[in-house]
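Asker: Got a predicted structure plus its sequence, pasted below:
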Amino acid sequence: MNAELLGPVVLAAAAGGALTLAYIRAAAAVRRVRQRLRRLSRTRVALVITTNRPIRRRRTRR
């Protein structure tokens with residue numbers, strides 16, 4: 001690999017590393033928030049928020 005290509009490659013690697021770190025930090029923050037919500041209240045709303053997918057509860061009319 002020549003010197004011309006080395007610069008962009010190093011930049012890309014650094015950017016990738018920074019993105020990975022940011023993602024890991026964000027995931028940890030989300031986990032902490034969910035745990036705090038679970039501890040605070042066991043209400044239906046809190047449990048819906050803490051699940052991975054938002055649950056839509058619709059009452060069907062008969």
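Answerer: Ah, there it is. Numbering: from 1, shown residues only.

Asker: Which positions in stretch 8-18 come out as buried?
Answerer: For stretch 8-18, burial by neighbour count (16 or more other Cβ atoms under 10 Å) applies to no residue. Every residue, glycine included, has its C-beta placed from N, CA and C.

Asker: Dump the C-alpha coordinates for that stretch into PDB.
Answerer: Written as PDB, here are the backbone C-alpha positions of stretch 8-18 (Å, rounded to 0.1, in the frame of the first residue of the first chain):
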ATOM      1  CA  PRO A   8      -7.600   8.000   4.100                       C
ATOM      2  CA  VAL A   9      -7.300   4.400   5.400                       C
ATOM      3  CA  VAL A  10      -6.100   5.700   8.800                       C
ATOM      4  CA  LEU A  11      -8.900   8.300   8.900                       C
ATOM      5  CA  ALA A  12     -11.500   5.700   8.000                       C
ATOM      6  CA  ALA A  13     -10.200   3.400  10.800                       C
ATOM      7  CA  ALA A  14     -10.300   6.200  13.300                       C
ATOM      8  CA  ALA A  15     -13.800   7.200  12.300                       C
ATOM      9  CA  GLY A  16     -15.000   3.600  12.500                       C
ATOM     10  CA  GLY A  17     -13.400   3.300  16.000                       C
ATOM     11  CA  ALA A  18     -15.100   6.500  17.100                       C
END
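
Asker: Can you list the helices and strands that the longest helix seen in the chain packs against?
Answerer: Looking across the chain with DSSP state H, the single longest helix is helix 3-40. Under the contact definition 3 or more Cβ pairs under 8 Å, 6 or more residues apart in numbering; DSSP states H and E, helix 3-40 sits against helix 44-50.
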